[in-house]
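Participant: Fold the following, please.
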Amino acid sequence: MTWKLKHAGPQRGRTAIVTGANVGLGLETARGLASVGCAVVLACRNQAKAAAARDQLLAKLPQATIECIPLDLCSLASVRDFVAEFNARHHRLDLLINNAGIMMHPYTLTEDGFESQLAANYLGHFALTGLLLPQLLETSGSRVLNVSSLAHRWSPIRLDDLHFATGYDARLAYGQSKLACLMFAYELDRRLRANDHDTLSVAAHPGVSVTNLFGHFKLLNTLFRRPAELILQSAADGARPLLYGALADDVEGGDYCGPQHFQQWRGPPVKVGSNRRSRDERVAAELWALSEQATGVSFLS
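Facilitator: Model prediction:
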């Protein structure tokens, strides 16, 4: 049976955070969660865009509970401010959707000295998850979902040079960041199980969607967007594996969800596989230790 959002059933009374929820996959994921009754926090860097997204969602879902809290994942100070604000407003956290990210970014370092793609896609989410973990562990049936990508196959984890101090390549840096997201999901699952917690850690990827492929390449967007829309995933379809991973009853800790067809490019959401590199427990443990050292956030160690 093909999983559809209606199979999730009513989710009223549950609270979800979606990072990068003002556009694309994040917006569609927030829309899906709100439509089944979750109270949704839009965690976004640009508050004007977040407010516009909230208004767009409420126009179609007037009974929904949707709020905005500022979050810049490239700033550890912002991550801590977000957690403080969320904890002041809420006393439960059912779903943490670590979705936000940047792709093929020119080489820049954040205020914390991190390569920007690694910071926005992975390290910010690592710190966010660790700081929110007490709320998650206190909420029965909670889940953390990290959004990876088919690009996790593009690069290994450069344990000796995570921030590309030498030989920066935007494609490889993006691939490393998405591999890190996936390895984090698997390692978090192992550590939650080892500590007898019932919070689930899962991962998902959207396949290949028009938004996440063409939004970063202006020439391709001009020449090929229209024909691509006929064969690739829309943002709404790309969000289906994320919603499946967040809400489906048959999803277990450590699962990876993605589209079913055409090399996981598109199709209905199912559980999928990942490459051998992503399953390397030694590298995952070393990455975790480096991430704790970099962010100053330690948990489940």
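
Participant: For the stretch 201-301 of the chain, give me the ranges with low pLDDT.
Facilitator: Along the stretch 201-301 of the chain, the parts satisfying pLDDT under 70 run over 210-231.

Participant: residue boundaries of the helices in it?
Facilitator: 210-214, 218-231, 235-238, 240-247, 281-295 (DSSP state H, counting those that start in this stretch).

Participant: which strands and helices sit next to the shortest one?
Facilitator: Spelled out, that is helix 235-238. Judged by 3 or more C-beta pairs under 8 Å, 6 or more residues apart in numbering; DSSP states H and E, helix 235-238 is in contact with helix 24-35, helix 210-214. (C-beta placed from N, C-alpha, C; glycine too.)

Participant: So what's the residue count around the closest residue to residue 82 other than its chain neighbours?
Facilitator: Using C-beta to C-beta, 6 or more residues apart in numbering and skipping residues adjacent in sequence, the residue nearest residue 82 is residue 71, 4.3 Å away. The number of residues packed near residue 71 is 27, by other C-beta atoms under 10 Å.

Participant: Now do the contacts for residue 71.
Facilitator: Residue 71 sits next to 19, 43-45, 78-79, 82, 100, 128 when contact means C-beta atoms under 8 Å, 6 or more residues apart in numbering.

Participant: ok, now residue 53?
Facilitator: Listed by C-beta under 8 Å, 6+ apart, the contact partners of residue 53 are 21-23, 27, 30, 42, 44.

Participant: The helix or strand hosting residue 42 to helix 24-35, inter-axis angle?
Facilitator: Under the criterion of DSSP states H and E, residue 42 resides in strand 39-44. Strand 39-44 runs at 160 degrees relative to helix 24-35, counting by axes from the mean of the first three to the mean of the last three C-alpha atoms, to 10 degrees.

Participant: CA-only coordinates of the very next helix or strand once past strand 39-44 in PDB, if you can.
Facilitator: Sequence order places helix 47-60 as the next helix or strand after strand 39-44, per DSSP H and E. Extracted in PDB, the C-alpha atoms of helix 47-60 (Å, rounded to 0.1, in the frame of the first residue of the first chain):
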ATOM      1  CA  GLN A  47      11.700  36.400   9.600                       C
ATOM      2  CA  ALA A  48      10.000  38.400   6.900                       C
ATOM      3  CA  LYS A  49       9.900  35.300   4.700                       C
ATOM      4  CA  ALA A  50       8.900  33.100   7.600                       C
ATOM      5  CA  ALA A  51       6.000  35.400   8.400                       C
ATOM      6  CA  ALA A  52       4.900  35.300   4.700                       C
ATOM      7  CA  ALA A  53       5.100  31.500   4.800                       C
ATOM      8  CA  ARG A  54       3.000  31.400   8.000                       C
ATOM      9  CA  ASP A  55       0.400  33.700   6.400                       C
ATOM     10  CA  GLN A  56       0.300  31.600   3.200                       C
ATOM     11  CA  LEU A  57      -0.300  28.400   5.300                       C
ATOM     12  CA  LEU A  58      -2.900  30.000   7.500                       C
ATOM     13  CA  ALA A  59      -4.800  31.300   4.400                       C
ATOM     14  CA  LYS A  60      -5.400  27.600   3.400                       C
END
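
Participant: can you give me the mean pLDDT across the next helix-or-strand element following helix 47-60?
Facilitator: Later in the chain than helix 47-60, the nearest helix or strand by DSSP H and E is strand 66-70. Taken as a whole, strand 66-70 has an average pLDDT of 98.

Participant: Tell me which strands strand 66-70 pairs with, and in which orientation.
Facilitator: Sheet pairing here is set by DSSP bridges, and for strand 66-70 it gives strand 39-44 (parallel).

Participant: how about the partner strand: buried residues?
Facilitator: Buried residues in strand 39-44, counted by 16 or more other C-beta atoms under 10 Å: 39-44.

Participant: so how far is it off the chain centroid?
Facilitator: Here strand 39-44 is found 13 Å from its chain centre; the criterion is C-alpha atoms, centre = their mean, to the nearest Å.
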